[in-house]
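Peer 1: Got a predicted structure here, sequence first:
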Amino acid sequence: MDIRYLKGVGEKRAAQLAKLGIFTVDDLLGFYPRDYVDYSRPYPVASAPYDVKCVVRATVYGKGALTRIRGGKQMVKILAGDDTAGLSLVYFNNPYISQKLEVGTEYCFFGKVGGGFAQREMVNPVMLTAEAASATPLVPVYPQTEGINSNYLAKCMRTAFAAAPDIPEPLPAWMLQKYRLCPKADAVRMIHFPRSTAEIASARRRLIFEELLALQLGLLLLRSRDATLTGAPMKPVDLQPFWASLPFSPTGAQKRAAQEILADFNKLSPMNRLLQGDVGSGKTLVAAAGIYAAWKNGYQSALMAPTEILAAQHAETLRRMLEPLGVRVALLTGSVKGAAKKAVRKAIAEGEADLVVGTHAVLGPDVEFRKLGFAVTDEQHRFGVRQRSALAGKADHPHLLVMSATPIPRTLGLLMFGDLDISILDELPPGRTPVKTYAITGKKRADMYGFLKAQLAAGRQAYIVCPVIDESETDMQSVTSYYEETARPLLEGYRVGLMHGRLKAAEKNAVMQQFKDGELDVLVSTTVIEVGVDVPNANLIVIENAERYGLSALHQLRGRVGRGKGEAYCILISDHTGEAVKKRLSFLCHTTDGFAIAKFDLETRGPGDFFGSRQHGLPSLHIADLMADSKALYAAQQEAIDLVAADPGLRQPENAGLRALAEGLFREQTALN
Ligand code: ADP
Ligand code: MG
């Protein structure tokens, strides 16, 4: 049922609920509390701890008048207390609170306690009568949005639950028994209206398992290509002419990975391979070897990159490597328009382009390949799993390669890539020296600029990265003001470029091209340069507000330098004095191993950890946590594999509930992407 028709909702509320992803009554019931307030053991006023949220029981003695204070705010003071101490309650902008609270009645208040010893104080506490608190002591706290508070959601839940008592059971009975899970209807009731903490635990266990099972099933269904034959069977190819055409020799790891790809090309089933290698390990070359082999077999290839800059750069690199051998390369991005776009599409459809490099524009419905045999996605963590299979859908089960520099711990790799085979580039091309990394505070900024200028004087180039504070305008503002007020004055006489996410694709490309061509000495940028950009002459990267990034992101950024000759430097600037931040940055200064960094990142769970759903491309989960619930994750994975093996596509009627569950989870992802 549409949420609009639930009693107490209506059009306006429905629009607000939509922001929380709630469109139907089912969505509402699947919107789980973020936390609970436990009113069962309230503190006496005098023994309540300071400055942590807690529940205090007190009787209301008197009510002050509503007063107006600065800024048009309203304030009201309520006097309360128990026989241990007095408690004054201060409410801002809550004119109805006086009417709600009754003198002589005992309440439980939830919030932070401040004030002095004899007279304690709470500001804007949430409350419940002591009577209600002892009847239902566990009160759910829901994630909120503008106009919708937790109380309102709780009220909707009660109405919805009364109106829709039949909640179908998607899990088969044997599974409930095997894992001792409670029925769905009970779990939903207990998660929203728990009578005890044991009920919350039981409901969570059940719902987490269900969600992880849905995730695993969805992933398997998306890839149920295992048993199929590839439409691009290939003959063995000698890579020698390709290697010989390069200005350098491939590393042992590159050769090995290329051979693994070629071996898969000769199989009857399509390749499904992840190429994992730290930044700078030379993944592009391995892809090029595969493209060469596919071309030798008469197949087209496609390479998809997450940004226009990266796509353009790949097109250029691959042209340089492959065109001398006869491979015709086309570039297709969102900014290729009109007649040019038509021409590229025609070349792809008629087989006049052997390799198409592009952004997700390659996935457009109007792009048809004549004979696509090999599809590559670069920096795969930026794409959703769906997009990956969309590229595969452009042909009859082509061979797939996904490349990633984000080192994914093995356990999660198995989850996310399930049936993928993995090739690892564990060797950097020769001549690389580790990037010297230093963490400094803003006080040393001027000195650092001196060092930067010395590098520029030696003919090198530098990046300065400023954080995206908020993904909207402030991104541009912060980097623009840094550019105007800090970088330009300090770098007078040098050519300084500016790049951020708000520039049009063509403008970004133009700036990047200038930097590559050496027409700019310094590039001030947000993290739009994060992935893959390759300018070997740049040997210094300065990262402002380094504390805002996860270590893996910093490592990626650092990988932008140290690609050419000579020493390279990464300077992390942070004014954060917290021990945790210092420890993280210092770890990066002393480690160059991407895997170790990812592991440390995971253990310390810093900002922007790369398991945010935006980065791994998985649908966002409502209740389960991939790290914390890893045990349930493996159990669910095993069950999903068995279920799909017994009933590929989950077509049997008894699996209809499971299928709906999995599709539901992944549908949301498409809606939000
Ligand atoms: P990444 O794995 O980060 O995508 P790239 O493919 O961009 O790395 O390669 C990084 C740089 O290393 C490029 O400038 C590339 O030309 C160079 N490179 C790749 N392989 C070799 C090699 N075997 N020897 C020397 N340089 C190489
Ligand atoms: Mg790359």
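Peer 2: The structure has been received and is ready for your questions. Residues are numbered from 1 along each chain as shown. Ligands and ions are numbered 1, 2, ... in the order given.
Peer 1: can we go C-alpha only for contacts and neighbour counts from here?
Peer 2: Fine.
Peer 1: Model confidence score at the residue nearest to residue 252 when sequence neighbours are not counted, please.
Peer 2: Spatially, and ignoring its direct neighbours in sequence, residue 252 is nearest to residue 427 (7.6 Å; CA to CA, 6 or more residues apart in numbering). You'll see residue 427 listed with a pLDDT of 86.
Peer 1: just checking, residue 427 touches residue 250?
Peer 2: No. Counting by CA atoms under 8 Å, residue 427 stays clear of residue 250, with 10.5 Å between them.
Peer 1: which residues sit in contact with the residue nearest to residue 252?
Peer 2: The contact partners of residue 427, by CA atoms under 8 Å, 6 or more residues apart in numbering, come to 251, 252, 253, 281.
Peer 1: List the residues that contact the closest residue in space to residue 82 that isn't next to it in sequence.
Peer 2: Using CA to CA, 6+ apart and skipping the chain neighbours, the partner closest in space to residue 82 is residue 58 (5.3 Å). For residue 58, the contacting residues are 44, 45, 80, 81, 82, 87, 106, 107, 108, 109, by CA under 8 Å, 6+ apart.
Peer 1: same thing with residue 360?
Peer 2: Residue 360 neighbours (CA under 8 Å, 6+ apart): 304, 305, 306, 333.
Peer 1: Which pair of the contacts of residue 427 spans the longest distance?
Peer 2: Taking CA to CA as the measure, the contacts of residue 427 span a maximum distance of 11.3 Å, between 252 and 281.
Peer 1: Comparing the two, which residue is more hemmed in?
Peer 2: residue 281 (23 against 14; other CA atoms under 10 Å).
Peer 1: Was I right to think that one contacts residue 425?
Peer 2: Yes. Using CA under 8 Å, residue 281 is in contact with residue 425, at 6.4 Å.
Peer 1: For the residue nearest to residue 265 when sequence neighbours are not counted, give me phi and psi.
Peer 2: Among residues not flanking residue 265 along the chain, residue 234 sits closest, at 5.6 Å (CA to CA, 6+ apart). Main-chain torsions, residue 234, degrees, to the nearest 10: phi -130, psi 160.
Peer 1: And residue 234, what's its pLDDT?
Peer 2: pLDDT, residue 234: 94.
Peer 1: who touches it in this structure?
Peer 2: With contact set as CA under 8 Å, 6+ apart, residue 234 has these partners: 265, 266, 267, 294, 297.
Peer 1: Tell me who's in contact with the last one.
Peer 2: It refers to residue 297. Residue 297 neighbours (CA under 8 Å, 6+ apart): 234, 235.
Peer 1: please redo it, this time with the cut-off set to 10 Å
Peer 2: Counting by CA atoms under 10 Å, 6 or more residues apart in numbering, residue 297 makes contact with 232, 233, 234, 235, 236, 237, 265, 291, 373.
Peer 1: same question, the second one
Peer 2: When the contact criterion is CA under 10 Å, 6+ apart, the partners of residue 266 are 232, 233, 234, 235, 236, 237.
Peer 1: Return the members of those residues classed as buried.
Peer 2: 232, 233, 234, 237 (16 or more other CA atoms under 10 Å).
Peer 1: Just name the closest of these to residue 352, please.
Peer 2: So of those, ranked by how close each gets to residue 352 (CA to CA), first place is residue 232, at 18.0 Å.
Peer 1: Just give me the neighbour total for the closest residue to the closest one other than its chain neighbours.
Peer 2: In space, residue 232 comes closest to residue 373 once its chain neighbours are excluded; the distance is 5.2 Å by CA to CA, 6+ apart. Residue crowding around residue 373 was assessed by other CA under 10 Å; the count is 30.
Peer 1: Show me which residues of the chain sit near ligand 1.
Peer 2: When proximity is defined by CA under 6 Å from any ligand atom, the chain lies next to ligand 1 at 248-251, 277, 279-285, 429, 532, 534, 563.
Peer 1: The residues you listed: which two are farthest apart?
Peer 2: Farthest-apart pair in the residues of the chain next to ligand 1 is 249 and 532; separation 21.1 Å (CA to CA).
Peer 1: separation between the residue nearest to residue 265 and residue 126?
Peer 2: In this structure, residue 234 and residue 126 are 68 Å apart, going by CA to CA, to the nearest Å.
Peer 1: What of residue 10?
Peer 2: 26 Å.
Peer 1: SS state for whichever residue of the stretch 351-500 of the chain sits closest to ligand 1?
Peer 2: Per CA to the nearest ligand atom, residue 429 is where the stretch 351-500 of the chain lies closest to ligand 1, at 4.5 Å. Counting by DSSP: H, G, I helix; E, B strand; the rest coil, the backbone at residue 429 sits in coil.
Peer 1: Next, count neighbours for it.
Peer 2: Other residues near residue 429 number 16, with proximity taken as other CA under 10 Å.
Peer 1: I figured it hits residue 280, correct?
Peer 2: Yes. In terms of CA atoms under 10 Å, residue 429 counts as a neighbour of residue 280; the distance is 7.9 Å.
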